[in-house]
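J.: okay, predicted coordinates and the sequence, questions at the end:
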Amino acid sequence: MFVWDKNDLNEEQVAAVEEPCSVFIMACPGSGKTRTLTYKIARALSILESQKQRVIAITYTHRAADEIHERIEQLGVDTSQLWIGTIHSFCLEWILRPYAIYHDSLKYGFRVINAHDTERMYDELCRQATGYQVNSFDCNHYFTSDGYVLDCHSGKRHIVGKILQQYWANLQHERQVDFELILFYAYQLITTIPSISILLGSLFSSMLVDEYQDTKEIQYAILGAILKASGGQATAFIVGDPNQAIYGSLGGYAITPAEFGERCGIKFKVMELSRNYRSSSQIIDYFGNYNLYSSKITAAGKHKEFHSLISFDQETTRDSLKTEIVRLIRYNVEVVGIAPEEVCIVAPWWVHLASMTRSLVVAMPEYSFDGPGMVPFARDIDNFWYKLSRIILTEASPQLYIRRMRWSGEVLADLAEAGFVIESLPRKTLLRVCNSISIEETDGLTYLREFFERLFEAIGIDWRASPSLVGHHDAFFESSQLRIERLQREGSEAIGEIEMFRKVFANRTGITVSTIHGVKGAEYDTVIAYGLLDGMVPHFNDADQAGAANKLLYVICSRARKNLHLVSERGRTRAHRPDYTPTTILLDCQFTYDIVPP
């Protein structure tokens with residue numbers, strides 16, 4: 001059985017890891033949730049009684065899956081019986097691909113398309129809807145077990161519904177599946193063919209779900225059906241924080257233990273992780289003002305006694321915003337002594353952040369920045385060439401060896417699925433070939449095209465013989481080219497260079513610039529947030545304005561370890577309506593803010 005040093009976990013974490021029954025955990029920010037989940041998985045793997053059993057862990061992002069997987073391997077635990085990844089990857093690997101023959105839309109084969117393909121199809125269908133002012137953003141939707149839910153204005157729902165019907169018909173004709181249909185088709189298979197749930201329920205000894213508050217109803221239904229079919233043989237370990245449920249517009253919500261227990265046929269033991277090891281006591285006290293679900297949070301980390309600066313600025317105008325952010329960065333880095341990579345700039349909308357990133361790069365050339373305006377291609381984890389790019393664009397170092405080996409395994413698995421014989425090509429050999437290729441080329445896309453050709457020539461595989469790899473290749477380069485051209489038009493001339501490509505997978509080395517949703521799960525010494533305005537925080541489409549505002553502010557403020565600077569800038573206009581005003585919940589918060597020295 002897996003054992004650990006007594007100082008590795010606190011009493012709450014130990015209780016959760018050692019609990020033999022199913023557990024539902026409310027974990028406050030900075031409480032060591034990932035560590036607890038990692039040790040729980042390690043323990044579950046160590047007590048498996050059969051080589052056929054599997055431990056399944058569902059994470060919200062692929063990055064989180066990579067991090068947890070690596071931590072478990074570093075603990076010396078065999079991960080051969082672990083499957084960890086996102087719910088979409090789970091549904092593809094365990095439900096859609098093995099049982100596609102039983103679904104009319106999948107039985108003749110299918111290809112997963114990326115977000116670029118989806119947006120391009122939406123744009124074309126919206127252009128064909130003459131007489132209606134609709135765009136691709138109006139077509140955002142998600143599936144529930146009862147059907148689909150639109151995220152557009154009520155006046156547009158009729159025409160958007162027609163556009164989506166045509167979109168789905170086009171996908172079916174082309175034998176294509178998008179991310180939302182992955183979930184919907186998986187749900188249909190699970191509910192119409194009970195033997196799938198029964199078989200999976202007999203294979204899985206335990207199922208763990210991270211960030212449950214961001215899970216959709218249809219995802220709960222899929223996981224619940226498998227757990228219920230296990231007849232109590234599989235345990236569940238559900239962890240998250242309902243105060244951070246900020247994906248409501250995408251269908252995510254924090255289910256209650258009782259409701260999920262009813263779906264699973266499980267009675268959960270409810271537990272808590274209440275010690276915050278991240279932030280100062282002042283920061284914790286402050287973000288507690290936005291706590292919708294009452295929970296006790298205790299400062300327990302090394303920064304708990306740090307004298308934090310917490311400021312709120314309503315006077316800075318939109319025109320002077322860049323100057324003020326530069327001042328805040330310089331104060332934190334050059335006066336307080338915080339490392340640049342421990343500073344994060346946060347705003348609600350990526351379009352504001354892209355222009356802000358470029359402005360900061362010009363204003364502070366001695367600093368580096370990682371932001372949405374600095375990424376040359378989309379993170380399309382299901383695209384074969386994106387997966388291969390991860391290996392190509394990362395350094396062959398001992399620190400990255402485990403990660404690159406796993407990526408190599410995923411690439412080889414995709415090649416096998418595409419019909420190529422790869423038995424004589426071990427993961428180490430693929431890495432060795434990648435490491436041996438040297439190309440003197442500064443343009444990123446040209447570099448990757450040449451690298452791909454030389455790699456496949458070296459391993460003796462004609463990738464053009466696979467229609468799926470050809471489709472992925474075209475999508476990867478077309479979407480990347482369009483993205484680079486747009487960013488270059490907006491002022492990021494160097495975005496197409498190979499060094500910018502390498503930054504996509506590198507550890508952060510500069511000041512982070514991120515949306516609120518993008519920063520979730522991360523932590524920094526200093527957080528500088530702007531755009532804290534009604535209509536943005538919360539978004540004007542949010543049904544529960546007060547609840548959404550509290551959760552967004554909770555997420556923003558709980559990212560900070562030491563200093564927190566909030567800005568509701570004046571002068572942001574909107575067509576035919578009054579200027580944006582500060583977020584009401586933020587204005588109503590009774591707090592004595594600090595003044596940042598000049």
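T.: Structure's in. What do you need?
J.: okay, CA-based contacts and neighbour counts for the rest of this
T.: OK.
J.: pretty sure residue 229 contacts residue 201?
T.: Yes. Here residue 229 lies in contact with residue 201, judged by C-alpha atoms under 8 Å, at a distance of 5.6 Å.
J.: can you give the distance from the strand or helix carrying residue 261 to the centre of its chain?
T.: Secondary-structure assignment from DSSP states H and E places residue 261 in helix 257-264. The chain centroid and the centroid of helix 257-264 are separated by 25 Å under C-alpha atoms, centre = their mean, to the nearest Å.
J.: partner strands of the very next helix or strand once past that helix and their direction?
T.: Scanning forward in sequence from helix 257-264 by DSSP H and E, the next helix or strand is strand 269-273. If you go by DSSP bridges, strand 269-273 pairs up with strand 23-27 (parallel).
J.: the partner strand to helix 257-264, inter-axis angle?
T.: 140 degrees (axes from the mean of the first three to the mean of the last three C-alpha atoms, to 10 degrees).
J.: got the contact list for strand 23-27?
T.: 16, 33, 236-242, 257, 268-274 (C-alpha atoms under 8 Å, 6 or more residues apart in numbering).
J.: could you do stretch 530-544 as well?
T.: 153, 249, 345-349, 545-546, 548-549, 552-553, 566-569, 580-584.
J.: could you rerun that using 6 Å?
T.: Residues from elsewhere that reach stretch 530-544 (C-alpha atoms under 6 Å, 6 or more residues apart in numbering): 347, 545, 548-549, 567-568, 581-583.
J.: nearest residue to the residue most central in space within the chain other than its sequence neighbours?
T.: A centroid search over the chain (C-alpha atoms, centre = their mean) returns residue 61, at 3.8 Å, as the residue closest to the centre. Leaving aside its chain neighbours, residue 61 sits nearest to residue 86 (5.9 Å; criterion: C-alpha to C-alpha, 6 or more residues apart in numbering).
J.: just want the phi and psi numbers for the one you found.
T.: phi -80, psi 170 (degrees, to the nearest 10).
J.: ok, it to residue 45 distance?
T.: 19 Å (C-alpha to C-alpha, to the nearest Å).
J.: poorly predicted segments of this protein, please.
T.: Scanning the chain for pLDDT under 70 picks out 372-374, 490-491.
J.: pull out the buried positions in the longest helix along it.
T.: The longest helix of the chain (DSSP state H) is helix 467-489. By neighbour count on 16 or more other C-alpha atoms under 10 Å, the buried set for helix 467-489 is 468-469, 472-473, 475-477, 479-481, 483-485, 487-488.
J.: now do the contacts for the residue nearest to residue 61.
T.: 58-61.
J.: at 10 Å what do you get?
T.: 57-65, 92, 209-210 (C-alpha atoms under 10 Å, 6 or more residues apart in numbering).
J.: kindly report the same for residue 548.
T.: 243-249, 292, 537-539, 542, 554, 585.
J.: looking at those, which is nearest residue 339?
T.: Checking those against residue 339 by C-alpha to C-alpha gives residue 554 as the nearest, at 23.9 Å.
J.: okay, and the closest one sits in which element?
T.: Here residue 554 is assigned to helix 545-558, by DSSP H and E.
J.: helices along the stretch 301-450 of the chain, start to end?
T.: Under the criterion DSSP state H, counting those that start in this stretch, the stretch 301-450 of the chain contains helices at 321-330, 350-363, 384-392, 401-417, 427-436, 444-459.
J.: check the stretch 1-150 of the chain too.
T.: Under DSSP H, counting those that start in this stretch, the stretch 1-150 of the chain gives helices at 11-18, 33-46, 62-74, 87-91, 97-99, 115-128.
J.: so which of these gets nearest residue 285?
T.: helix 33-46 (19.9 Å).
J.: distance between that closest one and the chain's centre?
T.: With C-alpha atoms, centre = their mean, you get 20 Å for helix 33-46.
J.: pull out the buried positions in that helix.
T.: 33-46.
J.: got it, and stretch 266-273?
T.: Across stretch 266-273, burial judged by 16+ other C-alpha under 10 Å covers 266-268, 271-273.
J.: re earlier: out of the contacts of residue 548, which comes closest to residue 171?
T.: Among these, and counting by C-alpha to C-alpha, the member closest to residue 171 is residue 249, at 23.9 Å.
J.: my guess is that closest one contacts residue 151. True?
T.: Yes. Between residue 249 and residue 151 there is a contact under C-alpha atoms under 10 Å: 6.7 Å.
J.: shared neighbours of the two, anything?
T.: With C-alpha under 10 Å, 6+ apart as the test, residue 249 and residue 151 both reach 140-142, 541-542.
J.: now the buried members of those.
T.: 140-142, 542.
J.: how near is residue 462 to residue 419?
T.: 11 Å.
J.: thinking again about what came up before, dump the helices of the stretch 301-450 of the chain to JSON lines, plus distance to residue 528 and mean neighbour count.
T.: Formatted as JSON lines, these follow (distance: least, C-alpha to C-alpha, whole Å; neighbours: other C-alpha atoms under 10 Å):
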{"stretch": "helix 321-330", "distance to residue 528": "8", "mean neighbour count": "17"}
{"stretch": "helix 350-363", "distance to residue 528": "12", "mean neighbour count": "17"}
{"stretch": "helix 384-392", "distance to residue 528": "30", "mean neighbour count": "20"}
{"stretch": "helix 401-417", "distance to residue 528": "32", "mean neighbour count": "17"}
{"stretch": "helix 427-436", "distance to residue 528": "39", "mean neighbour count": "15"}
{"stretch": "helix 444-459", "distance to residue 528": "32", "mean neighbour count": "16"}
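J.: which among these is found nearest to residue 219?
T.: Here helix 401-417 is closest among the helices of the stretch 301-450 of the chain (C-alpha to C-alpha), at 23.9 Å.
J.: can you name the next helix or strand after the strand or helix carrying residue 173?
T.: Secondary-structure assignment from DSSP H and E places residue 173 in helix 157-174. Later in the chain than helix 157-174, the nearest helix or strand by DSSP H and E is strand 176-177.
J.: skipping its backbone neighbours, what lies nearest residue 415 in space?
T.: Closest to residue 415 by C-alpha to C-alpha, 6+ apart is residue 422, at 7.4 Å.
J.: please name the residues that touch the residue nearest to residue 48 when sequence neighbours are not counted.
T.: Nearest residue to residue 48, sequence neighbours excluded (C-alpha to C-alpha, 6+ apart): residue 205, at 7.5 Å. Counting by C-alpha under 10 Å, 6+ apart, residue 205 touches 44-45, 47-50, 52-56, 227, 230, 232-236.
J.: drop anything exposed from the residues you listed.
T.: Applying 16+ other C-alpha under 10 Å to the contacts of residue 205 flags 44-45, 48, 53-56, 227, 230, 232, 234-236 as buried.
J.: circling back: so what secondary structure elements neighbour the helix holding residue 261?
T.: strand 23-27, helix 217-229, strand 235-240, strand 269-273 (3 or more C-alpha pairs under 10 Å, 6 or more residues apart in numbering; DSSP states H and E).
J.: ok now the first one, how far from the chain's centre?
T.: On the basis of C-alpha atoms, centre = their mean, strand 23-27 is displaced by 20 Å from the centre of the chain it belongs to.
J.: again, but for the third one
T.: Taking the mean C-alpha point of strand 235-240 and that of its whole chain, the gap between them comes to 19 Å (C-alpha atoms, centre = their mean).
J.: how about the buried ones among the contacts of residue 205 in TSV, adding distance to residue 397?
T.: Output for those, formatted as TSV (distance: C-alpha to C-alpha, whole Å):
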residue	distance to residue 397
44	30
45	28
48	33
53	33
54	30
55	29
56	29
227	40
230	42
232	44
234	38
235	38
236	36
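J.: residue 106: neighbour count?
T.: 19 (other C-alpha atoms under 10 Å).
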